[in-house]
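**Q** mind folding the following:
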Amino acid sequence: MDYHRGAQVEVRIARIFNTYGPRMCIDDGRVVSNFVAQALRKEPLTVYGDGKQTRSFQYVSDLVEGLMRLMEGEHVGPFNLGNPGEFTMLELANVVQETIDPNAKIEFRPNTEDDPHKRKPDITKAKELLGWEPKIPLRQGLPLMVSDFRKRIFGDHFDVNPSTTTTSTATGTGFS
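**A** Sure, this is the predicted structure:
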């Protein structure tokens, strides 16, 4: 913001929080992609610590909409773009199980020392000045990501067991 004040240049800063969706790198180390890839490969879902640490997850199209409103708008400065709905890592693992394989195992491992217990964006400024907030709940966006990952991991020759694949038409910003 010093550059904005000194050079009189409009500056827009997007603070992007956890984002998921199709075309993510399958093995990028982020929790959503890790859980989805592990479940599809019939590996245990790796939960670090007790699974009570929280994160928030926004679907990629919500992020794109927020970025477009930020860049096309008249407001300068930093804006948090993320989903304020928090979920524990264990809740996320359970949703991945429900979406991909209800029989998927969860494996607990020691937590890393620097892992924050809570990560939640305050999107008040984005809501008030950009008229933006995320719209796609995890249960609606996750199946789209799973479909993409399934195609990229297995190609067109995968066996979908209807009893282990679920979809949801829920709306809102959470698991509902």
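**Q** residues contacting stretch 64-76, please?
**A** 4, 10-12, 14, 79, 81, 126, 129-132, 134-135 (Cβ atoms under 8 Å, 6 or more residues apart in numbering). The C-beta positions use only the backbone N, C-alpha and C, and glycine is treated the same way.
**Q** rerun that using 7 Å as the cut-off
**A** Residues outside stretch 64-76 that contact it (Cβ atoms under 7 Å, 6 or more residues apart in numbering) are 4, 10-12, 14, 79, 81, 126, 129-132.
**Q** just the pLDDT for Val11.
**A** On pLDDT, Val11 comes in at 88.
**Q** how near is it to Met71?
**A** Val11 sits 11 Å away from Met71, going by Cβ to Cβ, to the nearest Å.
**Q** what touches both of those two?
**A** With Cβ under 7 Å, 6+ apart, Val11 and Met71 have no common neighbours.
**Q** higher neighbour count, these two?
**A** Val11 (13 against 9; other Cβ atoms under 10 Å).
**Q** OK, contacts around the residue nearest the centre of the chain?
**A** The residue lying closest to the centre of the chain (Cα atoms, centre = their mean) is Phe57, at 3.1 Å. For Phe57, the contact set (Cβ under 7 Å, 6+ apart) comprises 18, 20, 32, 83, 138.
**Q** with Asp122 instead?
**A** Asn80.
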